[in-house]
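Sequence plus predicted model, see below.
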Amino acid sequence: MRQPQSSEFQPSASQPSERLTVLHTGGTIASKPDASGALTPQEAPRVPGLPASVEVSNIQAFNLPSPHVTPRHMEALRVQIEQQAPRSSGIVVTHGTDTLEETAFYLHLTLATPVPVVLTGSMRHAEEPSWDGPGNLLDAASVALHPATRGRGPLVAFGGDLFDARTVTKVHSSAPDAFGGYPGPIGRIDHIGGTAALHYFARPELPLHSRPLFVPGGQPAHVEILYAYAGWQGEGYDQAAQRADGLVIAALGTGNLPAELLPLITQTCAQGKPVVIATRTHAGPVLPLYGYAGGGATLQRAGAIPASFLNAHKARLLLLVLLSMGLSQPEIEAVFADGHF
């Protein structure tokens, strides 16, 4: 059995100064209650407990609740990361948790730098006694500055666990350990007597490419997600297909749909618009097994593309990137089939 990679990291005054860049984007970690008690992003937090040898630059990329974050914000963040990377030993991104996994996956697909990038946030705000923001920030900073993190692509640090940007997902709406995702964390960080002990159990796959989503002067592709349910007869499908450059369907089980969807998908694929079939389940791949009308095998024969292990919202981002790069439907099919996102 392969042993976990583990090491300890504690910069001292005699070591060269480390340069940490923290890009703040808002979210609960920056939120406080207003007079009514409702939370809004207000003040970017600072990383606690770092050695004096670490130089920290705090940059407010934007200040939004994560439901307001769009792919355009993700692209702007990518640009800032690329600009800061040459002068940074590591980069931390603070982010609201609702769409954190989507931003992490977008960066995984588009970033070209080997400089460590670690995303984090908090589930509780700064005026709660159990605020998890400082601990998550220190974890993310320690991971970003650790030499073993270089070249691993964007990671998510939350509750002491480290996650691959491809597979991480928010699994609980309010718990402090809100992040998970099959097959689980790829690492763990703990702090013992001022020393950060970092253990890696696996290395993420290499990113797909290093081209940005929004090329100068270009328009982003438009991809919509539809959600399958028992008795769905395609309500909303035609309108979405008319608006979008491509569709993602969160299908049932291993990628199956009611029979009524088969002719709709056949028509869309014949028009040259890709339809990607993901699963609405929490884990597992899309497998074209069933030959009944609407079963995964019939959807694939109609031209639909299985999403491999990606959930619907990550499949959407991958399809956005591929369409915006100008890839043809056969090329898009090949990327999803290859599975090395």
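Thanks, I have it.

Where does pLDDT dip in the stretch 151-300 of the chain?
Low-confidence segments of the stretch 151-300 of the chain, defined by pLDDT under 70: 207-212, 214-218.

where exactly do the strands run in the stretch 151-300 of the chain?
Here the stretch 151-300 of the chain has its strands, by DSSP state E, counting those that start in this stretch, at 155-158, 161-164, 169-170, 179-180, 187-192, 195-200, 223-227, 246-251, 275-279.

Pairing partners for the fourth one, with directions?
Think strand 179-180. strand 169-170 (antiparallel) (DSSP bridges).

rewinding a little: now tabulate the strands of the stretch 151-300 of the chain in TSV and tack on mean neighbour count and distance to residue 22.
For every residue, glycine as well, the C-beta is placed using N, CA and C. Formatted as TSV, the strands of the stretch 151-300 of the chain follow (neighbours: other CB atoms under 10 Å; distance: least, CB to CB, whole Å):
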stretch	mean neighbour count	distance to residue 22
strand 155-158	28	13
strand 161-164	23	18
strand 169-170	20	22
strand 179-180	22	19
strand 187-192	16	17
strand 195-200	18	16
strand 223-227	19	31
strand 246-251	26	33
strand 275-279	27	33
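
Show the contacting residues for residue 89.
18-20, 115-116, 144-145 (CB atoms under 8 Å, 6 or more residues apart in numbering).

can you rerun that using 6 Å?
By CB atoms under 6 Å, 6 or more residues apart in numbering, the contact list for residue 89 reads 18-19, 145.

gap between residue 134 and residue 97?
Distance check for residue 134 against residue 97: by CB to CB, to the nearest Å, it reads 16 Å.

Helix or strand: which one has residue 96?
Using DSSP states H and E, residue 96 sits within no helix or strand.

Where do the helices of this protein begin and end?
Using DSSP state H, the helices found in the chain span residues 71-84, 100-110, 133-145, 237-243, 261-270, 296-301, 312-324, 329-338.

could I get those as a markdown table with distance to residue 195 and mean neighbour count?
Shown next, in a markdown table, are those (distance: least, CB to CB, whole Å; neighbours: other CB atoms under 10 Å):
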| stretch | distance to residue 195 | mean neighbour count |
| --- | --- | --- |
| helix 71-84 | 27 | 18 |
| helix 100-110 | 27 | 26 |
| helix 133-145 | 9 | 25 |
| helix 237-243 | 52 | 14 |
| helix 261-270 | 55 | 18 |
| helix 296-301 | 50 | 20 |
| helix 312-324 | 35 | 24 |
| helix 329-338 | 41 | 15 |
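
can those helices go into CSV with extra columns for distance to residue 120?
Converted to CSV, the helices of the chain look like this (distance: least, CB to CB, whole Å):
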stretch, distance to residue 120
helix 71-84, 14
helix 100-110, 8
helix 133-145, 4
helix 237-243, 34
helix 261-270, 39
helix 296-301, 36
helix 312-324, 19
helix 329-338, 29
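
Which one of the ones you listed lies nearest to residue 184?
helix 100-110 (14.5 Å; CB to CB).

So residue 123 is in contact with residue 176, correct?
Yes. Counting by CB atoms under 6 Å, residue 123 touches residue 176, with 5.1 Å between them.

And those two? Which one has more around it.
The neighbour comparison of residue 123 against residue 176 (other CB atoms under 10 Å) goes to residue 123, with 24 against 16.

Pull up the per-residue confidence for that one.
pLDDT for residue 123: 95.

Next up, the contacts around it.
By CB under 6 Å, 6+ apart, the residues touching residue 123 are 132, 176, 178.

Surely residue 170 is in contact with residue 180?
No. Using CB under 6 Å, residue 170 is not in contact with residue 180, being 8.2 Å away.

Residue 160: what's it in contact with?
Residue 160 touches residue 189, counting by CB under 6 Å, 6+ apart.

at 10 Å what do you get?
135-136, 139, 177, 185, 187-191 (CB atoms under 10 Å, 6 or more residues apart in numbering).

Can you say which of the helices of the chain is nearest to residue 57?
Smallest distance to residue 57 across the helices of the chain (CB to CB): 7.7 Å, for helix 71-84.

tell me the angle the closest one makes with helix 312-324.
Between helix 71-84 and helix 312-324, the angle comes out at 70 degrees (axes from the mean of the first three to the mean of the last three CA atoms, to 10 degrees).

tell me the angle helix 71-84 makes with helix 100-110.
Going by the same axes, to 10 degrees, helix 71-84 makes 60 degrees with helix 100-110.

Export only the CA atoms of helix 71-84, formatted as PDB.
Output in PDB follows, covering the C-alpha atoms of helix 71-84 (Å, rounded to 0.1, in the frame of the first residue of the first chain):
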ATOM      1  CA  PRO A  71     -18.200  32.500 -14.600                       C
ATOM      2  CA  ARG A  72     -17.100  36.000 -15.500                       C
ATOM      3  CA  HIS A  73     -16.100  36.500 -11.800                       C
ATOM      4  CA  MET A  74     -14.300  33.200 -12.000                       C
ATOM      5  CA  GLU A  75     -12.400  34.300 -15.000                       C
ATOM      6  CA  ALA A  76     -11.500  37.600 -13.400                       C
ATOM      7  CA  LEU A  77     -10.200  35.700 -10.400                       C
ATOM      8  CA  ARG A  78      -8.100  33.500 -12.700                       C
ATOM      9  CA  VAL A  79      -6.600  36.600 -14.300                       C
ATOM     10  CA  GLN A  80      -5.700  38.000 -10.900                       C
ATOM     11  CA  ILE A  81      -4.200  34.700  -9.800                       C
ATOM     12  CA  GLU A  82      -2.000  34.500 -12.900                       C
ATOM     13  CA  GLN A  83      -0.900  38.100 -12.300                       C
ATOM     14  CA  GLN A  84       0.000  37.500  -8.600                       C
END
